[in-house]
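A.B. asks: Okay, predicted coordinates and the sequence, questions at the end:
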Amino acid sequence: MSIDGLTTGLASRGLWESGRFALRFMQSHRYADVFGNDSKRGALSLVYAALTPAQYLDNQGQVITHPFDKPGTGTRFSISTAISECEIRAAKYLSESIAVNTRTSAVLASDVVTHHRRDFSYVSFGLPSNYKSMELLNDTANEFVQLAQDRFVSRRSGKTLIAASTRIDYGLLIKIIPAHLPERVWICCGGFGEWGTSGSAWYLARNWGLLRKKFRNRPFAVIVSVEPGRDESAIPVVAAANATEIESYVR
């Protein structure tokens, strides 16, 4: 190869690498509109709910020390903390999305470990089972939705937005900028049931670009309907950027 050819090749490679870097930078910047700047720094936490197994007694009144079994093996196990499978699916969807769009990784943590921390950005999974999800819903910056037993209700009026159903699940996807922490972003993906939780996380991971187009970098609340067993069936039935828009969905 001639010197001129080598020089041209190196220049082309340099331009290609520069272009690829610029595209990655733009993508991570767009992603941060939804998830906050911490997502670009590998500092966004995915927070699952850590549950403690209940104590069970056998027929003789003795504590069953190994309450969990592995189907088909006849072997029983003891664990100190249980994690819902739907939250594992949810964390998988988001961790893959973060890796692809920011070239960084997320921090995986339990709500018990992070219970008393406020000054960080996170996506939490589940609703009453997760301390951080309830902290988000109770924060004064949440002007959108509250959980009232088997209903999602408007925080402003208390009127029903969506009620639980026996044939379909619903998941709440909500983002706020917490009070007194303008540099942080809190997001929750939680449902009435397991599929509402993982379905809303799937929708966030796959459709963050649509959410960005609609809401830019603002807080929002979206409620999705999900067919049990099919996270990819999640579709929005409520989508609002403020309390006034939420009120337009009340029943």
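C.D. replies: Nice, thanks for sending it over.
A.B. asks: Going by neighbour count, list what's buried in the lengthiest strand in the chain.
C.D. replies: Secondary structure of the chain per DSSP state E: the longest strand is strand 230-240. For strand 230-240, a neighbour-count test (16 or more other CB atoms under 10 Å) marks 231, 233, 234, 236, 238, 239, 240 as buried. No exception for glycine: its C-beta is placed from N, CA and C like everyone else's.
A.B. asks: One more: stretch 135-155?
C.D. replies: For stretch 135-155, by 16+ other CB under 10 Å, it's 135-137, 139, 141-147, 151-154.
A.B. asks: How about stretch 36-45?
C.D. replies: Quick answer for stretch 36-45 (16+ other CB under 10 Å): 36, 37, 38, 39, 40, 43, 44, 45.
A.B. asks: Let's see which of those end up in strands.
C.D. replies: Reading strands off these with DSSP E, I get residue 45.
A.B. asks: closest to residue 58 among the buried residues of stretch 36-45?
C.D. replies: Nearest to residue 58 among the buried residues of stretch 36-45 is residue 45, at 39.4 Å by CB to CB.
A.B. asks: ok, which stretches of this structure are helices?
C.D. replies: Secondary structure of the chain by DSSP state H: the helices cover 3-35, 85-102, 131-138, 194-215, 243-247.
A.B. asks: Can you get me a residue count around residue 54?
C.D. replies: 7 (other CB atoms under 10 Å).
A.B. asks: tell me the pLDDT at residue 79?
C.D. replies: Looking at residue 79, its pLDDT is 83.
A.B. asks: Roughly how far does it sit from residue 47?
C.D. replies: 19 Å (CB to CB, to the nearest Å).
A.B. asks: What of residue 201?
C.D. replies: In terms of CB to CB, residue 201 sits 12 Å off from residue 47.
A.B. asks: can you list residues touching both of the two?
C.D. replies: Overlap of the contact sets of residue 201 and residue 47 (by CB atoms under 8 Å, 6 or more residues apart in numbering) consists of 123, 125.
A.B. asks: I appreciate the help and will end here.
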